[in-house]
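S.K.: kindly generate the corresponding structure for this input.
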Amino acid sequence: MTELFRTKLVAVDSRFTTFTSLKTLQVNLGDLCNLSCAHCHHNASPRGVRIMGRDVMNRIVAFLKHNPGLTLDITGGCPEMNLCFRYFVEATAGLAVRRIVRSNLAIALEAGMEWLPDFYREQELVVMASLPCYEADNVERQRGDGVFNRSIEVLRRLNKQGYGRDRELHLVHNPGNGSVAGSRDVLEKHYRTELQQQFGISFNSLHCMNNTPIGRFRDHLERKGTYQHYIEHLAEKFNPEAAEQIMCRTLISVGWDGGLYNCDFNLAAGLPLQRPDGSTVTIDSIAEVTRSGSAIRMAEHCFSCTAGQGSGCGGTALRCDTTIVTAQHSEQSVGACLQQ
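M.R.: Numbers count the residues shown, from 1 in each chain. All right, here's what the predicted structure looks like:
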């Protein structure tokens, strides 16, 4: 299936299999998390042990100082649980044109973490907040009991800080089953209506991500005996219009130990960028893999980024004028946050 994915990209445009230029440096601070989400591709949990230290952070800071104009995308696990999270954010202030923190929201209600919403605002961070659905049952099936209400409370606090208006607050949806995300426009409309009417919450935009078959989600599919079916489903939903916008053409992901990957999913799958001798390329040698035309390492899970309207860390690549998502499928997405 990996070669099938590459073949499909080449059929659209052979350039889509290669790197263009670095625009986003994504930094994964580790697999420690206060939640153990059913769909997590990193198997992140409170027992996480792969955690980035200050040495690697300082090497990233040094790179950013000499390479202005990038977007810094901070993720995990739960990035805020890294004991050096505050240090890293403060050390990168002014070194990127945009700094994103990917939050599960619920972390801000953990004991000793109540300072986070204030800190986000002080540091002018863009908050990319995971909220799989606007219905409590669907969220808690994926994330655990009580997580929905905690997420809503944190969204309210963020709104009070100006997020969702003059500060960027984006929500991230992912399907609650083994399917492809439906129309972003339709889902965004219903997220806005439900969250505003029920809780008085506002946000800037919704991003839709297909579940990537790695980590716990892959384990779940394999237990059900549907892993191969899901991969084939993603392949059937391959969208040529989404292929041009895959994130790995302009993004490099830095793992907890400083190793480099084409994306956070490859990091989770253990597919680092390597030299011909098999050694892993690190942040200190990033120029080796960011030349225009550098090969992108691909796998069968890459189909999740080109299925339907597209996906990946940036969320949906296309608006709903794509012909892949039909009106019938869009209607099915309303209410239950379940797609196709």
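S.K.: I'd say residue 28 and residue 76 touch.
M.R.: Yes - here residue 28 lies in contact with residue 76, judged by Cβ atoms under 8 Å, at a distance of 6.4 Å. Backbone N, C-alpha and C define where each C-beta goes, glycine included.
S.K.: anything in contact with each of the two?
M.R.: Common contact partners of residue 28 and residue 76 (Cβ atoms under 8 Å, 6 or more residues apart in numbering): residue 42.
S.K.: residue 13 - how many residues pack around it?
M.R.: 11 (other Cβ atoms under 10 Å).
S.K.: before we move on, what SS does the spatially closest residue to residue 199 that is not a sequence neighbour have?
M.R.: Of all residues not flanking residue 199 in the chain, residue 152 sits nearest, at 5.3 Å (Cβ to Cβ, 6 or more residues apart in numbering). Assigned with DSSP: H, G, I helix; E, B strand; the rest coil, residue 152 falls in the helix class.
S.K.: can I get the helix or strand containing residue 232 in PDB, CA atoms only?
M.R.: Assessed by DSSP states H and E, residue 232 sits inside helix 227-236. Extracted C-alpha coordinates of helix 227-236, given in PDB (Å, rounded to 0.1, in the frame of the first residue of the first chain):
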ATOM      1  CA  TYR A 227      -7.300  -2.600   9.900                       C
ATOM      2  CA  GLN A 228      -6.800  -3.600   6.300                       C
ATOM      3  CA  HIS A 229     -10.400  -2.500   5.500                       C
ATOM      4  CA  TYR A 230      -9.700   0.900   6.900                       C
ATOM      5  CA  ILE A 231      -6.500   1.300   4.900                       C
ATOM      6  CA  GLU A 232      -8.400   0.300   1.700                       C
ATOM      7  CA  HIS A 233     -11.200   2.700   2.600                       C
ATOM      8  CA  LEU A 234      -8.700   5.600   2.900                       C
ATOM      9  CA  ALA A 235      -7.100   4.600  -0.400                       C
ATOM     10  CA  GLU A 236     -10.500   4.500  -2.100                       C
END
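S.K.: in it, what counts as buried?
M.R.: If you call a residue buried by 16 or more other Cβ atoms under 10 Å, then helix 227-236 has these buried ones: 227, 230, 231, 233, 234, 235.
S.K.: and the next helix or strand after that helix, average pLDDT?
M.R.: Per DSSP H and E, the first helix or strand lying C-terminal to helix 227-236 is helix 240-243. In this model, helix 240-243 has an average pLDDT of 92.
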